[in-house]
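Participant: Compute the structure for the input listed below.
(chains A and B)
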Amino acid sequence: MKAFTRIMGTAIPFLEDDVNTDQIAPMGAGARMSEDYAQTLFQHRRHSADGAEIPDFVFNQPQFRTGAMLISGRNFGCGSSRESAVWTFLAIGVTCIITRSFADMYRENCLQNGILPITLPDAQADQLEAAVVAANGAAPFAVDLVSQEIKGPHGLRIAFDISPADRARLLEGLDDIGLTLKHKAEIEAFEKKMAQHIPWSQRADASSL
Amino acid sequence: MGRSIFDKIWDAHVVCQRMDGRDLLFIDRHITHELHAPHAFKKLKAAGRKVRRPDITFSALDHTPASTPGRDDNTNPQSKPFLDAVRAASRENGVRVFDLDDADYGISHVVGPEIGMVLPGATHAVPDSHACTVGGLGALAFGCGTTELEHVLATQVMALVRPKRMRVHLEGKIGALASAKDVALKILSQIGVSGGRGHIIEFAGPVARALSIEGRLTLCNLTIEMGSRSGLVAPDDKTFDWLYGRPWAPKGAMWDRALAHWRTLPSDEDAIFEREVTVDCHGLQPQITWGTDPAQVIEVNGHAPNPADLPAEQRGAIERALDYMGLQAGQPLVGLPVHRIFIGSCTNARLPDLQEAAEIVRGQHVAQGVVALVSAGSARVKREAEAIGVDKVFRDAGFIWGESACSMCAGANGDRGEAGERILSTTNRNFENRQGRGVRTHLVGPALAAAAAIAGKIVDVPKMKAGE
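Facilitator: Here you go, the predicted structure:
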């Protein structure tokens, strides 16, 4: 996984609550094995029914077609577990998503892909939103995970919290499976213990054990 | 200090704490599915890894196959590459596939419980947010993304931060025409789509006890819509009776041993919950969503909200939902014409759901111009329904008696509506464009969906039953 230290670039304001994964990464006319994730991103909301682009939709505006970070509202990423709803943002360069809150699974999917999920309390979120809307893509914003700070135009500085474990994992770009496999011996011992204690849990078939 | 059922299951499955402080939680039963598994299997192989426990890992093929009667791999041409990729990777890793012609074929969340694969006190993972369905048996399940799926394949554990505990007390006695779906929608209307965020929900109280096991599966299915990754109902004698004799359930002396263990699972009287909520379900009537998120719920004979009655900051979202749904502020829903009916999905396609709908349909006919589809939750449900003539009731009434699949719920198999159509659907998400571009989805229970198919419009089931 790619490590995250600091980024600088355009901040895209998408100021809605309860944005769900069906909106972010719609299945279109049905599932396909290979997708152009940049095209998938908000596909339905970007286009009218006849396929024409809706020019004033945020992600269609020239300054927001790519970006470094996204600013959104409460319960961001609710709905399904589809990871494509994270890959679509990576496809346009977004590696940091700043919200008032995340849906649990979406936040996890961000961490799994090296995207920094930041949650801000209302006062700081209000301040950042105002600055991002005012900048309208013309001035860059920066996010620094080392100093845990968001910086913007006119001296804007907002500190953010993140658990030390999540921070370390992103900073080092650690391979999650590799990390877990360091505990292979414990997993094996656990399986043996369960085979004794709850034997039916260690077999899944029509046998009588 | 007392422990909740969640604590008991969690503690019994923690292998150890990882160096980053996350708990490694052993997963007893893992079912992948063809929509997300191909990517994960591919990455697993590229990393030179194999499935660690193929004996407790399974592959479902539920999201993409067509529901068209008599379908095969090619009926939905987009499905074939997904099916073949999962079959090949599963074969390579020694993982059993519940293939289209398998007697145990079906939606993973339906098959796991019905064959006795998922058991009380077990941990379960599926790369699908409705994994939480099996909480109805008292199992602890987690939906997961594709990268987490690869992690479970490689390690048989999930690396999780321990969630908080929430209990929802369901008080009263629901009305005769309401079902588990209405209970879930009622909870959603009260706590909203993020009410359970960060928590595991235990559903308790007389309503949870009174629900059938299939009803509890429906209730827990909608936990993710409440913002919670998982929910459960403590197992009781009803659960044990339901499981006894199912093909993969423990047998003989092992059954007795399992039963003794399962009886220790319910939450202790002094168990701690970080959050407790009470929902009064007394006399509950059939519920329906009016808007574009599953918490925008009213009684079927109610009215869509009027934004003018709401605080300014809430108006925008409500106006947008009304506009998408083609509704006027304050408009009643009863009487609105419907174009499609879908009875199916992991939410409401077990046998009692189909029977409930069939009772409404019996001897009548689908209204002209309405397309009505039934897709059983599994091949077993379909066989059982056919054995007692439920299929005939639907077919005689002009319903399509489809094959089992996720079908119109997510539309990944091409089963979708047309722009502007109004659909009454027994599924779990009414998000914009989910069932087709511009499609207006109302979430309901099976009885209301069936009644609307016959009437060709949204009807007040209580009044209909009373002959008004």
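
Participant: Near chain A, which residues of the stretch 351-468 of chain B are found?
Facilitator: B:410-414, B:416, B:419, B:429, B:431-434, B:437-438 (Cβ under 8 Å from any Cβ of the partner chain). C-beta here means a position set from N, CA and C on the backbone, and glycine is covered the same way.

Participant: give me that answer again for 7 Å
Facilitator: B:410-414, B:419, B:429, B:431-434, B:437-438 (Cβ under 7 Å from any Cβ of the partner chain).

Participant: Contacts only, for residue B:65.
Facilitator: Counting by Cβ atoms under 7 Å, 6 or more residues apart in numbering or on different chains, residue B:65 touches B:71, B:76, B:79, B:100, B:405, B:413.

Participant: so the fifth one touches residue B:60, yeah?
Facilitator: Meaning residue B:405. No: with contact defined as Cβ atoms under 7 Å, residue B:405 does not count as touching residue B:60 (10.3 Å).

Participant: The two: who's more crowded?
Facilitator: residue B:405 (32 against 29; other Cβ atoms under 10 Å in any protein chain shown).

Participant: that older thread, dump the residues of the stretch 351-468 of chain B next to chain A into JSON lines; add pLDDT as well.
Facilitator: Shown next, in JSON lines, are these (pLDDT from 0 to 100):
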{"residue": "B:410", "pLDDT": "91"}
{"residue": "B:411", "pLDDT": "89"}
{"residue": "B:412", "pLDDT": "91"}
{"residue": "B:413", "pLDDT": "92"}
{"residue": "B:414", "pLDDT": "89"}
{"residue": "B:419", "pLDDT": "94"}
{"residue": "B:429", "pLDDT": "98"}
{"residue": "B:431", "pLDDT": "97"}
{"residue": "B:432", "pLDDT": "96"}
{"residue": "B:433", "pLDDT": "95"}
{"residue": "B:434", "pLDDT": "95"}
{"residue": "B:437", "pLDDT": "93"}
{"residue": "B:438", "pLDDT": "95"}
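
Participant: Buried by neighbour count, from these: which ones?
Facilitator: B:410-414, B:429, B:431-434, B:437-438 (16 or more other Cβ atoms under 10 Å in any protein chain shown).

Participant: List the ones among these that fall in helices.
Facilitator: The helices, defined by DSSP state H, take in nothing from those.

Participant: Let me know the closest of these to residue B:230.
Facilitator: Distance to residue B:230 across these (Cβ to Cβ) is lowest for residue B:429, with 17.3 Å.

Participant: gap between the closest one and residue B:129?
Facilitator: Distance, residue B:429 to residue B:129, by Cβ to Cβ, to the nearest Å: 9 Å.

Participant: so where does residue B:200 fall, helix or strand?
Facilitator: strand B:199-204 (DSSP states H and E).

Participant: Report all helices and strands that that strand contacts.
Facilitator: helix B:5-13, strand B:164-171, strand B:230-232 (3 or more Cβ pairs under 7 Å, 6 or more residues apart in numbering or on different chains; DSSP states H and E).

Participant: And the closest residue to residue B:102 other than its chain neighbours, how far from residue B:386?
Facilitator: Leaving aside its sequence neighbours, residue B:102 sits nearest to residue B:379 (Cβ to Cβ, 6 or more residues apart in numbering or on different chains; 7.1 Å). For residue B:379, the distance to residue B:386 equals 10 Å [Cβ to Cβ].

Participant: Equivalent analysis for residue B:437, please.
Facilitator: From residue B:437 to residue B:386 the distance is 34 Å (Cβ to Cβ).

Participant: returning to what we had before: looking at the helices and strands packed on strand B:199-204, which is buried most?
Facilitator: Of these, the one with the most neighbours on average (mean count of other Cβ atoms under 10 Å in any protein chain shown) is strand B:230-232, at a mean of 29.

Participant: what's the next secondary structure element after that one?
Facilitator: Following strand B:230-232 in sequence, per DSSP H and E, is helix B:237-243.

Participant: which residues are contacting that following helix?
Facilitator: B:116, B:119-120, B:137-138, B:213, B:249, B:259, B:262.

Participant: right, and the helix or strand after it?
Facilitator: Downstream of helix B:237-243, the first helix or strand assigned by DSSP H and E is helix B:252-262.

Participant: Show me what counts as buried in that next one.
Facilitator: B:254-255, B:258-259, B:261-262.

Participant: Whichever helix or strand comes after that helix near chain A anywhere?
Facilitator: The element immediately downstream of helix B:252-262 (helix or strand, assigned by DSSP H and E) is strand B:275-280. No: with Cβ under 7 Å from any Cβ as the criterion, chain A is not reached by strand B:275-280; the gap is at least 14.6 Å.

Participant: just checking, what packs against the helix or strand following strand B:275-280?
Facilitator: Per DSSP H and E, the first helix or strand lying C-terminal to strand B:275-280 is strand B:287-289. Where contact means 3+ Cβ pairs under 7 Å, 6+ apart, strand B:287-289 is packed against helix B:180-191, strand B:297-299, strand B:440-443.

Participant: Adjacent strands (with direction) for strand B:287-289?
Facilitator: strand B:297-299 (antiparallel) (DSSP bridges).

Participant: Helices of chain A, start to end?
Facilitator: A:21-24, A:37-40, A:43-46, A:84-91, A:104-112, A:122-135, A:164-172, A:176-181, A:184-197.

Participant: Just put the ones you listed in TSV and tack on mean pLDDT and mean neighbour count.
Facilitator: Formatted as TSV, the helices of chain A follow (pLDDT from 0 to 100; neighbours: other Cβ atoms under 10 Å in any protein chain shown):
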stretch	mean pLDDT	mean neighbour count
helix A:21-24	96	24
helix A:37-40	94	16
helix A:43-46	94	17
helix A:84-91	97	23
helix A:104-112	97	25
helix A:122-135	98	16
helix A:164-172	94	16
helix A:176-181	93	18
helix A:184-197	98	14
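
Participant: if we can go back for a sec, just read off the phi/psi values of the residue nearest to residue B:102.
Facilitator: Torsion angles at residue B:379 (phi, psi; degrees, to the nearest 10) stand at phi -60, psi -30.

Participant: ok, back up a step: considering only the buried residues of helix B:252-262, which also neighbour chain A?
Facilitator: Contacts with chain A are made by B:254, B:258, B:261 out of the buried residues of helix B:252-262, judged by Cβ under 7 Å from any Cβ.

Participant: so who does residue 68 touch?
Facilitator: If you meant another chain, say so; for now it's chain A. A:7-10, A:93-96.

Participant: meant chain B, my bad for not saying
Facilitator: Applying Cβ under 7 Å, 6+ apart, the residues contacting residue B:68 are B:75, B:402-403.

Participant: Of those residues, which is the nearest to chain A?
Facilitator: residue B:75 (12.1 Å; Cβ to the nearest Cβ).

Participant: is it true that that closest one touches residue B:67?
Facilitator: No: between residue B:75 and residue B:67 no contact is recorded; they are 8.9 Å apart, counting by Cβ under 7 Å.

Participant: Which one's more surrounded, those two?
Facilitator: For residue B:75 and residue B:67, the more surrounded residue by other Cβ under 10 Å is residue B:67, and the numbers stand at 25 against 18.

Participant: quick revisit: ok, the residue nearest to residue B:102 touching residue B:107?
Facilitator: No: contact between residue B:379 and residue B:107 fails when scored by Cβ under 7 Å: they sit 10.3 Å apart.

Participant: Contacts for stretch B:385-404, please.
Facilitator: B:67-69, B:71, B:105-107, B:351, B:354-355, B:358, B:361-362, B:364-366, B:372-379, B:382.

Participant: Pull out the buried members of those residues.
Facilitator: B:67-68, B:71, B:105-107, B:351, B:354-355, B:358, B:361, B:364, B:366, B:372-379, B:382.
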